[in-house]
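Undergrad: Fold the following.
(chains A and B)
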Amino acid sequence: MGKPDQISSLTWFLLGVAIIYLSYRLGLGALTNPGPGFLPFWCGMILSGLSLLVFFRGNFSRQAGKSLREIWRGVRWVKGLYVVLALLTYTLTFTHLGFILSTTLLLIFLFRALEPEKWMFAVGGAFLTSLISFVIFCRWLDVQLPWGFLEKIIF
Amino acid sequence: MDILHNLIYGFSIALSPGNLLYCFIGVFIGTLIGVLPGIGPVGAMSLLLPTTLHSSPVGAVIMLAGIYYGAMYGGSTTSILLNIPGEAASVVTCIEGYQMARKGRAGPALGISAFGSFIGGTVSILGLMLVAPPLAEGALKFGPPEYFSLMVLGMTLLIYLASGSIPKALMMAVLGIVLGIIGIDPTSGMQRFTFSILELNDGIGLVPLVMGLFGISEVLLNVEQGLKREIFQTKIRGLLPTREDWKKSTGPIARGSILGFFLGILPGGGALISSFISYAIEKKLSKTPERFGHGAIEGIAGPETANNSATGGAFIPLLTLGIPANVVMAMLLGALLIHGMQPGPMLLQSHPDLFWGVVTSMYIGNGMLLLLNLPLIGLWVQVLKVPYRILFPLILLFCLIGAYSINYSTIDVLFMILFGILGYLMKKFEYEGAPLVLAYVLGPMLEMALRQSLTMSNGSFSIFFTRPISAIGILAAIFLVISPLLPWIGKRRPAVGKE
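TA: This is a model prediction of the structure:
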C-alpha cells in the first residue's frame, strides 16, 4: 500500500482512536454537566470517522495515482532532513554552548548546507549575524539568551 | 460627536512616539514580509509576537496589525514583478500584474495596487469605526449558545472554503480543537493529554505552533525545492496611473472596498476570499472580459482594494465579539490573551484606548504604507534579489529565538520543530494548516461555551436551535457541511482557503 491518502488517513485514524480512549478515561460526564473528556471524545470520533472516509476515498483523490515515493520525487528532501537535524542539535546544545557559539555553528552549517557559500562568507557571516542578533535581542529587546559555558569564563 | 471625541482620543494614543514607532515597524516589516515569498503575515506575526511581550497591549496590537495590512501592500510587488505571490491574497494580482509588467507597465500596476490598497484600507477603517461600537452593544446580549454557534460557523466557513478536500480540512479542525485543550481543564482541574510533561500543563503555546506550522515547514519546503527567482527585467517607470487607468479602476476600487469590508467581517472570510471574489466580479462586469488574463488593470485594482479592505472588516468580530474571523485574527487574539486582555463586547468599554488607538493607528499606517510602497519600490526590488540560501537561515534563526523567548524553555523550541515537521508533512499530504490554527485558538472558548450552554439547557441541544441567532449560525454551518454533496452547489465551491 503506497497511496499517500491511505497512509496519512491510517495515521489519523490511530490518533483518533487514541484520543477516544484517553478522553473516555478522563470522563465524559453527563449532558447536563459535560466532563473534561466530553469534547475531545467527540473530536476523536469525528477524526477517526473522517480518516476512514479519506482512506476509502483514497482511490479517487488527486493523489490516487501517486505512490508515496512520488511525493518526494524530484525534490532535494535530504536538504530538509539536514536542516531538521541541525535545528534539533542546536536546540539540545543551545544552553550548554551558549547563544553566540551555538548560533554561529548552526549558521555556518546552514550557509554551507543548501548551496555552499565560500567558507569565509559562511564563517564571517555566521559570526556577525550571531553577534548582531545577540545585541538586538538581548540588549535591545531584553530577551535572556544563555551564555553557556562562556558564562564561567567571562563572569 | 462621540465618534469625533473617540477619534481625537485615539489619535492622542496612536501619535505617541512609542506607538508611532510600533506602527512603523509593523508596516515596514509587513511590507517586507509581503514582498518576500515564503513566510506570510502569520509567520511574521508569530516571529514578532514574543517581542511584543515587553510592550504595552496597545503597542503590541498596533505592530501586529501593521504587519497584517502591510503584508497585503507588499505582496503585490512580488506578484507583479516575479509572478510569485508574496502572500496568499496576492495570488490574483499575479494574473494581471505580471502581464502588465511584461508589457512594460509595471509602474502603473504597482501604482494602482498601492492606491487601491490605501483607499480600501481607509474605507474599511471608517466602517470599523462606525460598525464596531453598536455591534459591541448588541453583542452584550449574546450568550454561550450564540458564541458557540458563531465559532462553529466561522470554523465551518473556513473548512468549506478550503482549497483541498473538505473532510481533510475538517479533520485538521478537530485536531486543532484537541491541541487547543491540552493542559489543565479549567472546570475540573484535571490534566488533559499532558503525559506528565510539566510544560504541557499550560498547553501548547501559540507561538511554537504557528511558527512551526507556517514558518519552519515553509522553509523546509523551499529548501527541498531549491527556490529560484528571476525578477522581470524591466525599468519601473511612471508609478502614477494614467487618467485612462483611473477611469477603468474607479468602479473596481469602489466595489472592492465594500465587498472586502463585508467579507472580512464574516468568520472564515478574509483577504484571500475577498480578492478572489472581487476578481470574479470585475471579470463578470467588464464589457471586455477577454482582456482579463492579459493585463487588465481592473483585475488588480479590485482585488488589491478588496484584500486591504478585508483587513479592517476582520477586526470587527475580534474586537466586538472576541471571535477571530481568520487565522491572522486568531494570532491577534492570542496576543491579546498573552497580554491579559479578554476581547469581546466589554473590550470597548474596559479598554477604549486599545480599540481607538488601534483604529487610528490604522489610518496612520495606511498613510505610511502609501509612502513606503511607491517611493521605496527600488528598495523592495533589491530585497527581492537576496538569494534564498542567505534568507532561510535568518528566518530559522528568528523562529528559534522567538520560540525560546516565550518561556526561556528549549521545550518550546522542540515543539516548534515538531510542528514544523508536522506542517511539512501536512503540506506534502495535502492537509491545510489554517483550519487547525483557527480551531486551536477557538477550541478552549468553544468548549466553555458548549459546556455552559448544556448546563443552561439541562443537557438539551435544542438550546442551539431555539435561540434565533444561534439557530441561524448552526443551520448555516450544517448547510455548508452538506452543500458539497449537493451537485449544483458542490461543483461551484470556490477553491480558496489558505491564509
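Undergrad: Tell me the residues on the stretch 201-350 of chain B that lie near chain A, please.
TA: Residues of the stretch 201-350 of chain B lying near chain A by Cβ under 8 Å from any Cβ of the partner chain: B:Ile216, B:Val219, B:Leu220, B:Leu221, B:Val223, B:Glu224, B:Gln225, B:Gly226. C-beta coordinates here come from the backbone N, C-alpha and C atoms, glycine included.
Undergrad: need the contact list for B:Glu406.
TA: For residue B:406 the amino acid is Ile, not Glu. Contacts for B:Ile406 (Cβ atoms under 8 Å, 6 or more residues apart in numbering or on different chains) come out as B:Pro50, B:Leu53, B:Gly205, B:Val207, B:Pro208, B:Asp412.
Undergrad: Look up how far chain A lies from the last one.
TA: If I follow you right, that is B:Asp412. 10 Å (Cβ to the nearest Cβ, to the nearest Å).
Undergrad: Can you check the pLDDT for that residue?
TA: B:Asp412 carries a pLDDT score of 91 in this model.
Undergrad: ok, it touching B:Pro208?
TA: Yes: if you go by Cβ atoms under 8 Å, B:Asp412 and B:Pro208 touch, sitting 4.8 Å apart.
Undergrad: Show me which of these two is the more surrounded one.
TA: B:Pro208 (28 against 24; other Cβ atoms under 10 Å in any protein chain shown).
Undergrad: And that one, which helix or strand is it part of?
TA: helix B:206-210 (DSSP states H and E).
Undergrad: Can you name every helix or strand that that helix contacts?
TA: Applying 3 or more Cβ pairs under 8 Å, 6 or more residues apart in numbering or on different chains; DSSP states H and E, one finds that helix B:206-210 makes contact with helix B:40-48, helix B:327-338, helix B:388-407, helix B:410-428, helix B:434-456.
Undergrad: switch the cut-off to 10 Å
TA: Other helices and strands packing on helix B:206-210, by 3 or more Cβ pairs under 10 Å, 6 or more residues apart in numbering or on different chains; DSSP states H and E, are helix B:40-48, helix B:166-180, helix B:327-338, helix B:388-407, helix B:410-428, helix B:434-456.
Undergrad: Any buried residues in the fifth one, and which?
TA: Neighbour counts using 16 or more other Cβ atoms under 10 Å in any protein chain shown place B:410-424, B:426-428 of helix B:410-428 among the buried residues.
Undergrad: counting contacts, what elements does that helix pack onto?
TA: Packing partners of helix B:410-428 (3+ Cβ pairs under 10 Å, 6+ apart): helix A:4-26, helix A:68-71, helix A:77-97, helix B:166-180, helix B:206-210, helix B:217-225, helix B:388-407, helix B:434-456.
Undergrad: Quick check: most distant residue from the centroid of chain A.
TA: A:Thr32 (39.3 Å; Cα atoms, centre = their mean).
Undergrad: Mind listing the shared neighbours of B:Asp412 and B:Pro208?
TA: Common contacts of B:Asp412 and B:Pro208 (Cβ atoms under 10 Å, 6 or more residues apart in numbering or on different chains): B:Gly402, B:Ala403, B:Tyr404, B:Ile406.
Undergrad: Tabulate those residues (TSV), appending pLDDT.
TA: As requested, the shared contacts of B:Asp412 and B:Pro208 are arranged in TSV below (pLDDT from 0 to 100):
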residue	pLDDT
B:Gly402	80
B:Ala403	84
B:Tyr404	86
B:Ile406	75
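Undergrad: Which member of these is positioned nearest chain A?
TA: Comparing the shared contacts of B:Asp412 and B:Pro208 against chain A with Cβ to the nearest Cβ picks out B:Tyr404 as the nearest, at 7.5 Å.
Undergrad: which residues sit in contact with the nearest residue to that closest one once chain neighbours are set aside?
TA: Leaving out its chain neighbours, the residue that sits closest to B:Tyr404 by Cβ to Cβ, 6 or more residues apart in numbering or on different chains is B:Val413, at 5.3 Å. By Cβ under 10 Å, 6+ apart, the contact set of B:Val413 is A:87-88, A:90-92, A:94, B:208, B:211-212, B:399-406.
Undergrad: Mind giving me the ChimeraX command for buried ones among those?
TA: Selection of buried members from the contacts of B:Val413 for ChimeraX, criterion 16+ other Cβ under 10 Å:
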select /A:87,90,91,94 /B:208,211,212,399,400,401,402,403,404,405,406
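Undergrad: What about B:Ile482, how many residues nearby?
TA: Using other Cβ under 10 Å, B:Ile482 is surrounded by 11 other residues.
Undergrad: Show me what the helix or strand where A:Ser51 lies packs onto, helices and strands only.
TA: A:Ser51 is part of helix A:38-57, with elements assigned from DSSP H and E. Judged by 3+ Cβ pairs under 10 Å, 6+ apart, helix A:38-57 is in contact with helix A:4-26, helix B:166-180, helix B:434-456.
Undergrad: Which secondary structure elements does the second one sit against?
TA: In terms of contacts (3+ Cβ pairs under 10 Å, 6+ apart), helix B:166-180 is packed against helix A:4-26, helix A:38-57, helix B:144-160, helix B:206-210, helix B:410-428, helix B:434-456, helix B:468-482.
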